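S.K.: coordinates for the following, if possible.
(2 chains)
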Amino acid sequence: MKRTSEPIPSAEPMPLSSARLMAVIRIGVALMWLTNLNWKTPPNFGSDDGGGLFRYTNDAVTHPVFGPYSWAVREAVLPNFHAFGWGVLLVESALAAFLLLGLGTRLWGVIGAVQSLAIGLSVALAPDEWAWSYYLMVMANLSLVATGAGRTWGLDGIVRPLLAGRSTLLGRVVRLTT
Amino acid sequence: MTFVQRLARAQMVLGAGAVAVGVVGFVSARHVAFNASIAPRLGPADLSLQAMSLNRLAALVVIGLGAVGVLAGATQRPIWGAVPAAGFALLALQVLIQWRPAGTNWFASIGSNFSFSLLGCVGFAVTACLERNAATQDRLSQADP
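M.R.: Got it, this is the predicted structure:
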């Protein structure tokens, strides 16, 4: 019998069919971000008519999920709403673009999970919302991180073998993010 | 498949994807003016799958940039990859400047057009840079006896 202090053999590499399925999921998650950019319209992002991004952001205050988050939205986000709107537009645009490319997928998966959590903390308790949508969004983005889903049918599959072996800062960044 | 061949294939896939989006956009916009500031969105609305809006002018620009991207992959010359990267960067800038509820919008762009343009810009820029890097290393290794 092996001693408990011996290292456990590493898991087998992911079968190609599973890697391809994760690539399909990555593209699906990217399309989710892409198709939800159209109603975040600058320059007011809904603050002029109480709709759009403003309405959903304000839900964090009117239907609070987590007290400290609700306070932060009321005190920091809503007074600077235009800057926040541009930030959301740019981050979600980059999420869709980089996940579709499969470039830096693990980094963008983390960012997507954090953004999904923020959205969930804003609207999960608003009327006609299904809280599990946001749990699933967080988990779908994290699954891309766990599996390095850009290495199949994505640019991570080209960038990682080339750069990840280098002992430079770039090599470390590529190892962490792809 | 070599590293450069994989880069070339990535460029051809990106270029072909852009051409396909442009063709769909051109057909979708056939009932509005050539440079209309509002054009039909691509994809089925009832399935929440709508993304991007192109007038026929924008569709032709996207088709042109995609075709140059395919050419970049076919010729494996980094300079051809830089052209669509720069073109998509300009398209992304146009969205940021002109996407408003009303007013001038040369390409009928909406938020997802920005993301699509960013995809094209980053995708072609990264592949062109890696291709140039590989070509430089090849030259250095040939010069080194």
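S.K.: CA only for contacts and neighbour counts going forward, please
M.R.: Will do.
S.K.: give me the nearest residue to residue A:172, chain neighbours excluded.
M.R.: residue A:164 (6.6 Å; Cα to Cα, 6 or more residues apart in numbering or on different chains).
S.K.: so that neighbour makes contact with residue A:157?
M.R.: No. Shown here, residue A:164 and residue A:157 do not form a contact pair, counting by Cα atoms under 8 Å, at 10.8 Å.
S.K.: ok, now which ones touch the most centrally placed residue in chain B?
M.R.: Centroid check for chain B by Cα atoms, centre = their mean gives residue B:120 as the closest residue, at 3.9 Å. Contact analysis of residue B:120 by Cα atoms under 8 Å, 6 or more residues apart in numbering or on different chains lists B:14, B:18, B:84, B:85, B:88, B:89.
S.K.: out of those, who's the most crowded?
M.R.: Tallying neighbours with other Cα atoms under 10 Å in any protein chain shown puts residue B:84 at the head of the contacts of residue B:120, with 28 neighbours.
S.K.: surely that one forms part of a strand?
M.R.: No. Applying DSSP: H, G, I helix; E, B strand; the rest coil, one finds residue B:84 to be helix, outside a strand.
S.K.: and it, how far from residue B:124?
M.R.: When distance is defined by Cα to Cα, to the nearest Å, residue B:84 is 7 Å away from residue B:124.
S.K.: got any residues that touch both of those two?
M.R.: Common neighbours of residue B:84 and residue B:124, using Cα under 8 Å, 6+ apart, are residue B:69.
S.K.: what mean pLDDT does the host helix or strand of residue B:119 have?
M.R.: For residue B:119, the enclosing helix or strand under DSSP states H and E is helix B:111-143. For helix B:111-143, the mean pLDDT works out to 89.
S.K.: same check on stretch A:55-69?
M.R.: On average, stretch A:55-69 scores 97.
S.K.: chain neighbours aside, what residue packs nearest to residue B:4?
M.R.: residue B:131 (6.4 Å).
S.K.: ok, that neighbour to residue A:119 distance?
M.R.: 39 Å.
S.K.: in terms of neighbours, single out the busier of the two.
M.R.: Between residue B:131 and residue A:119, residue B:131 has the larger neighbour count (other Cα under 10 Å), namely 23 against 18.
S.K.: alright, that wraps it up for me.
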